[in-house]
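J.: coords below, sequence missing:
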């Protein structure tokens, strides 16, 4: 097994400024005793498969991922669906290993709820891509303990998982997050390894401070990059106020109508003409009055800000004008067969067509005001929604509370890697993740990074944020408790990973830094939900590696900065490169163990790293801390 370790070099500045934004990729250390690696695309262990091969595809139809809630422990809808689809298969064919035997996880356990919870923790199913589920890939192409023809067995498993997805997608019990930002995207020319700022507009929920410049918007900005084929790296989330750049508008009235109104009132094409309930909605104050009066259950939109209500009203006024004056000639805007559609027409194009009497009959609309023409352009999608913003510093935002933030990709916020999300102890207390009250624009919300799973790539993947708490409105979902499988049922495997408590204890022991040290305890609390909560190696995901590094950075920093601990570790307070490498390998990897990488391989890797860092101008302290972090956060230390 190979484990990449990530070191954020900005921690090792010792008062000097390193290369801005540099991420140093450290040592890849081979574990001769551990076969396979973490498959971050599906969450399982071992190499990824190539699909069903000759097994064919499942017969059940596709299900939109937007409608499928997360596969999380304790989810009653998933438990019921699993019990009726996949569970009968695994109970019939997999019990010898995955119930009464030594196989892990125990997804064939005699208790269906425990079986489901074990499967959820190990992430062996992908309801968005049933063919890519580890339960399918293990059968074909990996030919693992098939009960007949492996292709047919894999097809049967895929069919069961697809049916599972269909059942939970139609229950409607687990609703989408009620508090969401507007979407954000990478630029079309985004390059892997390059950092970009994604601006998530939250004006529709929190409004804009009265002291902000005209047209300003409230935003959560996060730096993001495509990390590898499996994940994106997010860092430095902050709350800002910014003005749109490039002449764009801040909010998308069409998108807000679709997400907030269309479910009851239908598409604007028909409602603006036929629905008398929407006549007052062309006035934003009427929208707020309907919400406050809970007319037709409209208090579910209580989080809409005045700016959002204005954007919706502007869109509806544009729709009314279009269907009252334009549609008779130009038809439906979204009809792909309509060659006369004016979808995307800008204010300037509409004004020019009227001035030039295009088509011989546009002059009759010369009475349209500039405001009406702008509203037409908003409805037609000809007013650009800003994605770039000029940040305005020093704006008093009045103490906006933000907690439990999750990054969603293509409409889904999967559970893995969500280091900004909270583990809610109760409806009040958030443990870990973002939990901040923002006073001024520009405040950082969290100092840790997060790795979020990649779906298709930065060109096509779309992102939004989901909030458990924003500006006094809560959408907190407590995790359901469940009974773990008794230890006697599942003997411990020979190889596993240290869980979060064991990781902290191991790092304290190896560096000589007390585990009770305040700074390390603070970081440990921050990253606890990102560290493994089970020793099962098959549950290892990429977010765990980042968390190992975060905690290791703090321990190595504290060890080296204390003269006594540094003397004890290196045998000197000013170690050479060779002394750094030798002490790091001998004291952290150990010697003469039953299962460990070749010592010379580790020495060669660390020697190359510290030599390269010295060539970059890094001092002894920085080189020693880098080597310490590389080893302390590596599989050499974390595998047990």
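T.: Looks like it came in fine. The structure presented is a predicted model; accordingly, all values stated were derived computationally and were not measured.

J.: which helix or strand contains the residue positioned nearest the centre of the chain?
T.: In the chain, the residue lying closest to the centroid (Cα atoms, centre = their mean) is residue 407, at 3.5 Å. Counting by DSSP states H and E, the element that carries residue 407 is strand 396-409.

J.: quick check: buried residues in that strand?
T.: 397, 400, 401, 402, 403, 404, 405, 406, 407, 408, 409 (16 or more other Cβ atoms under 10 Å). Quick note: C-beta positions are derived from backbone N, CA and C, even for glycine.

J.: quick one: which of the residues you listed is nearest residue 305?
T.: Checking the buried residues of strand 396-409 against residue 305 by Cβ to Cβ gives residue 400 as the nearest, at 11.6 Å.

J.: mind listing the residues bridging to the closest one?
T.: Beta-bridge pairing for residue 400 (DSSP bridges): residue 438.

J.: separation between the residue located most distally from the centre of the chain and residue 329?
T.: What lies farthest from the middle of the chain is residue 360; by Cα atoms, centre = their mean that is 52.7 Å. As defined by Cβ to Cβ, to the nearest Å, residue 360 lies at a distance of 11 Å from residue 329.

J.: repeat for residue 634
T.: Where residue 329 is concerned, residue 634 sits at a distance of 68 Å (Cβ to Cβ).

J.: these two: which is more packed in?
T.: Between residue 634 and residue 329, residue 634 has the larger neighbour count (other Cβ atoms under 10 Å), namely 28 against 11.

J.: mind checking pLDDT for that one?
T.: As predicted, residue 634 sits at a pLDDT of 82.

J.: now residue 310. Nearest residue, chain neighbours left out?
T.: Leaving out its chain neighbours, the residue that sits closest to residue 310 by Cβ to Cβ, 6 or more residues apart in numbering is residue 284, at 4.6 Å.

J.: burial count for the one you found?
T.: Residue 284 sits with 19 neighbouring residues when counted by other Cβ under 10 Å.

J.: list phi and psi for it.
T.: Backbone torsions of residue 284, given as degrees, to the nearest 10, read phi -60, psi -30.

J.: show the contacting residues for it.
T.: Residue 284 is in contact with 306, 309, 310, 312, 313, counting by Cβ atoms under 8 Å, 6 or more residues apart in numbering.

J.: again, only this time at 10 Å
T.: 304, 306, 307, 308, 309, 310, 311, 312, 313, 314, 316 (Cβ atoms under 10 Å, 6 or more residues apart in numbering).

J.: can I get those residues in a markdown table including secondary structure and distance to residue 165?
T.: Shown next, in a markdown table, are those (DSSP: H, G, I helix; E, B strand; the rest coil; distance: Cβ to Cβ, whole Å):
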| residue | secondary structure | distance to residue 165 |
| --- | --- | --- |
| 304 | coil | 32 |
| 306 | helix | 39 |
| 307 | helix | 37 |
| 308 | helix | 33 |
| 309 | helix | 36 |
| 310 | helix | 39 |
| 311 | helix | 34 |
| 312 | helix | 33 |
| 313 | helix | 38 |
| 314 | helix | 38 |
| 316 | helix | 36 |
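
J.: list only those of these flagged as buried.
T.: Looks like those have 304, 307, 308, 309, 310, 311, 312, 313, 314, 316 buried, using 16+ other Cβ under 10 Å.

J.: the fourth one and residue 286 touch, don't they?
T.: Same thing as residue 309. Yes. The pair residue 309 and residue 286 passes the contact test of Cβ atoms under 10 Å, sitting 9.0 Å apart.

J.: settle this for me: residue 624 is touching residue 582, isn't it.
T.: No. Between residue 624 and residue 582 there is no contact under Cβ under 10 Å: 11.9 Å.

J.: find residues that contact each of those two.
T.: Common contacts of residue 624 and residue 582 (Cβ under 10 Å, 6+ apart): 570, 575.

J.: between these two, which has more neighbouring residues?
T.: Neighbour comparison, residue 624 and residue 582: the larger count goes to residue 624, with 28 against 18 (by other Cβ under 10 Å).

J.: nearest residue to that one other than its sequence neighbours?
T.: The shortest distance from residue 624 to any non-neighbouring residue, by Cβ to Cβ, 6+ apart, is to residue 580 (4.9 Å).

J.: which SS class is that neighbour?
T.: Assigned by DSSP: H, G, I helix; E, B strand; the rest coil, the conformation of residue 580 is helix.

J.: can you check residue 375 too?
T.: Put simply, residue 375 is helix when judged by three-state DSSP.

J.: show me the contacts for it.
T.: Residue 375 sits next to 253, 282, 313-322, 347, 368-369, 383 when contact means Cβ under 10 Å, 6+ apart.

J.: what about these, which one has the most neighbours?
T.: Neighbour max across the contacts of residue 375 (other Cβ under 10 Å) = residue 319, 29 neighbours.

J.: distance check, that one against residue 376.
T.: Counting by Cβ to Cβ, the separation of residue 319 from residue 376 is 9 Å.

J.: show me where pLDDT drops low in the stretch 351-500 of the chain?
T.: For the stretch 351-500 of the chain, the stretches with pLDDT under 70 are 382-386, 415, 477-500.

J.: let's see it at 80
T.: Filtered on pLDDT under 80, the stretch 351-500 of the chain yields the residue ranges 381-388, 414-417, 423-432, 475-500.

J.: residue 295 is in contact with residue 289, isn't it?
T.: Yes. Between residue 295 and residue 289 a contact is recorded at 8.1 Å, counting by Cβ under 10 Å.

J.: buried stuff in the lengthiest helix in the chain?
T.: Longest helix of the chain, by residue count under DSSP state H: helix 150-171. Within helix 150-171, the residues scored as buried using 16+ other Cβ under 10 Å are 150-169.

J.: then stretch 228-247?
T.: So stretch 228-247, judged by 16+ other Cβ under 10 Å, has buried residues 230-244.

J.: now compare the residues you listed and name the two farthest from each other.
T.: Longest distance between any two of the buried residues of stretch 228-247 is 36.0 Å, between 230 and 243; criterion Cβ to Cβ.

J.: quick check: the two most widely separated of the buried ones among the contacts of residue 284?
T.: Going by Cβ to Cβ, the pair spanning these furthest: 307 and 316, at 15.3 Å.

J.: residue 609 and residue 627 touch, don't they?
T.: Yes. Residue 609 is within contact range of residue 627, at 6.6 Å (criterion: Cβ under 10 Å).

J.: the more surrounded of these two?
T.: Taking neighbours as other Cβ under 10 Å, residue 609 and residue 627 compare with residue 627 leading, 28 against 22.

J.: distance of the spatially closest residue to that one that is not a sequence neighbour relative to residue 562?
T.: Closest residue to residue 627 apart from its sequence neighbours, by Cβ to Cβ, 6+ apart: residue 584 at 4.9 Å. Remark: distance between residue 584 and residue 562 (Cβ to Cβ) = 17 Å.
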